[in-house]
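Chemist: What shape does this take:
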Amino acid sequence: IATHPAPAEQEAPMANQKHLNLKSRYFIEKALDDGLSFKAIAAELDKDPTTISKEIRNHKVFEKTGIFSKSFNDCAHRKNCTATQICSFCTRSKNYHCGFCGKCIPLCPLYEKEVCPKLSKPPYVCNGCKQRRLCTLEKAFYKAHYSQKEYRLILSESRSGYNITEAELAHLDSIVTPLLKNGQSLHHICANHMDSILCSEKTLYQYVNDGLLSARNIDMPRKVRFRPRKGKKNQVKVDKSCRLGRTLADFQQFRLEHPDLPLVQLDSVVGVRGGAVLLTIHFVLPRLQLAFKRSANDSQSVIDIFNRLYWKLRPDIFMELFPLLLCDNGSEFSNPSAIEFDAEGNRRSHIFYCDAAAPGQKGACENNHEFIRRVIPKGTDIGQYSDGQILRMMSHINSYKRKELGDKSPYEMFKFLYGEKILKYFGLELIPGDEIILTPVLMKL
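Modeler: Numbering: from 1, shown residues only. Presented below is the predicted three-dimensional model:
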């Protein structure tokens, strides 16, 4: 391995790069020619062996080449073939066997393709094969320049188009188009539905202009009268000021001043992009978690859930249960004032944000998602389940005994702290220990 040093990186060490570059690919090609293993190549490039394996399998190129004195021929019967005069080339000589020709393959009715068994296992290519110069079968090679060209093409295609799914576009269209056809401007629509529209005003104009929505430019009288002009600086929908006074440092200071207030953590569980999602509310002390299905991952749906809880539980009980909230920086929590205050402007809670990309700061909620994922695996459409099925799932999860609770269940701990009446308000019930199911089978019962 010492005779094949990794290529020098001028910009940054390889360990800090997410993608392979051209120099790295040339090193892989040279290492394969010399017969190095994936593990050895990965060690030199400071990558995982599976990364090298995927790179080679995804970017190998096939070539139909023969050898000296023999043309390409991958027919399984080529060694014992006695057929003659199948193609025009073979008719020149009655004694010339088609097995030596290789040009008869498309015409021969007895042709059966033979694939080298070595291509189905590492290194998956013929670069370092010692029998390559004696083989007339179709060969696979890893070539750095070809791999880099494919990589650049895939990267370019992934960055083109619109960053929105069909479900998200349908949700946006249902809000914007009717109002736009009623004569409202996009600015007015964005200002009035900031919790339901998850894109900027400029992006909306682009969607309308490109025909993605049912509404058209003709539905905006002022737009069709003006000449095209330079747009203003892109405005981000999420209010940047919402974090002022609500950062993690502010949260820690608030807890020092109010150590007796119970903590509740908020998060979302996504099924498929653009589909229904779950809002999870996790009571840290008793480990109880609630889950509410939302048709879209927007701020308004979160606000609606807290408003329903506020009036269903009564304000005094709500303020006892939800005095302190901690959430991440997702756009669904981008309107904290609507959660902290009721319609009359009375404070009912305090909400704070974790640092960006730091889910461990609300680890209790994240860890409890493991139970939800046992029942609803990642990539499953949550919209197919009813509210009753979600409640049943959470009843099973909250009835599961935990070691950190002294072998008590979250249901039992919450009942001890707040009473069983509130659990009934939430729609939860205690499931006997032997009847608890934490697999996808639960959602089919």
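
Chemist: does the residue nearest to Pro336 when sequence neighbours are not counted count as helix, strand or coil?
Modeler: Leaving aside its chain neighbours, Pro336 sits nearest to Ile351 (4.5 Å; criterion: CB to CB, 6 or more residues apart in numbering). C-beta here means a position set from N, CA and C on the backbone, and glycine is covered the same way. Following DSSP: H, G, I helix; E, B strand; the rest coil, we place Ile351 in the strand state.

Chemist: out of everything not next to it in sequence, what's closest to Lys113?
Modeler: Asp74 (5.7 Å).

Chemist: how many neighbours does Tyr207 have?
Modeler: Burial of Tyr207 is recorded as 20 neighbouring residues (other CB atoms under 10 Å).

Chemist: you'd agree it is up against Leu172?
Modeler: Yes: here Tyr207 reaches Leu172: they are 7.4 Å apart, a contact under CB atoms under 8 Å.

Chemist: so who does the residue nearest to Ser295 when sequence neighbours are not counted touch?
Modeler: Nearest residue to Ser295, sequence neighbours excluded (CB to CB, 6+ apart): Ala276, at 5.5 Å. For Ala276, the contacting residues are 293-296, 381-383, by CB atoms under 8 Å, 6 or more residues apart in numbering.

Chemist: which of those residues are buried?
Modeler: 293-294, 296, 382-383 (16 or more other CB atoms under 10 Å).

Chemist: coming back round to it: so for the residue nearest to Pro336, what's the pLDDT?
Modeler: If you check Ile351, the pLDDT there is 96.

Chemist: surely it meets Asn335?
Modeler: No: with contact defined as CB under 8 Å, Ile351 does not count as touching Asn335 (9.9 Å).

Chemist: Point to the residue nearest the middle of this protein.
Modeler: Arg273 (7.6 Å; CA atoms, centre = their mean).

Chemist: pLDDT at it, what is it?
Modeler: Looking at Arg273, the pLDDT reads 85.

Chemist: Now do the SS call for it.
Modeler: Arg273 - assigned by three-state DSSP - is coil.

Chemist: can you pull out the strands in this structure?
Modeler: Secondary structure of the chain by DSSP state E: the strands cover 60-63, 139-142, 263-270, 277-283, 288-294, 324-327, 350-353.

Chemist: Adding distance to Pro117, write those out as a markdown table.
Modeler: Listed next are those as a markdown table, based on distance: least, CB to CB, whole Å:
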| stretch | distance to Pro117 |
| --- | --- |
| strand 60-63 | 16 |
| strand 139-142 | 13 |
| strand 263-270 | 42 |
| strand 277-283 | 47 |
| strand 288-294 | 50 |
| strand 324-327 | 55 |
| strand 350-353 | 56 |
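
Chemist: nearest to Arg25, of these?
Modeler: Smallest distance to Arg25 across those (CB to CB): 8.4 Å, for strand 139-142.

Chemist: Could you list every helix and strand in contact with the closest one?
Modeler: The helices and strands touching strand 139-142, judged by 3 or more CB pairs under 8 Å, 6 or more residues apart in numbering; DSSP states H and E, are helix 22-33, strand 60-63.

Chemist: Deepest-packed of these, please.
Modeler: helix 22-33 (a mean of 20; mean count of other CB atoms under 10 Å).

Chemist: From the chain's centroid, how far away is that helix?
Modeler: 30 Å (CA atoms, centre = their mean, to the nearest Å).

Chemist: got the CA coordinates for that helix in PDB?
Modeler: What follows is helix 22-33, C-alpha atoms only, in PDB (Å, rounded to 0.1, in the frame of the first residue of the first chain):
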ATOM      1  CA  LEU A  22     -11.000  13.500 -10.100                       C
ATOM      2  CA  LYS A  23      -7.600  12.900  -8.400                       C
ATOM      3  CA  SER A  24      -9.200  10.400  -6.000                       C
ATOM      4  CA  ARG A  25     -10.900   8.600  -8.900                       C
ATOM      5  CA  TYR A  26      -7.600   8.300 -10.800                       C
ATOM      6  CA  PHE A  27      -6.100   6.800  -7.600                       C
ATOM      7  CA  ILE A  28      -8.900   4.300  -7.500                       C
ATOM      8  CA  GLU A  29      -8.400   3.300 -11.100                       C
ATOM      9  CA  LYS A  30      -4.600   2.900 -10.600                       C
ATOM     10  CA  ALA A  31      -5.200   0.900  -7.400                       C
ATOM     11  CA  LEU A  32      -7.700  -1.400  -9.100                       C
ATOM     12  CA  ASP A  33      -5.200  -2.000 -11.900                       C
END
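
Chemist: on that earlier part again, what touches both of Tyr207 and Leu172?
Modeler: With CB under 8 Å, 6+ apart as the test, Tyr207 and Leu172 both reach 199, 213.
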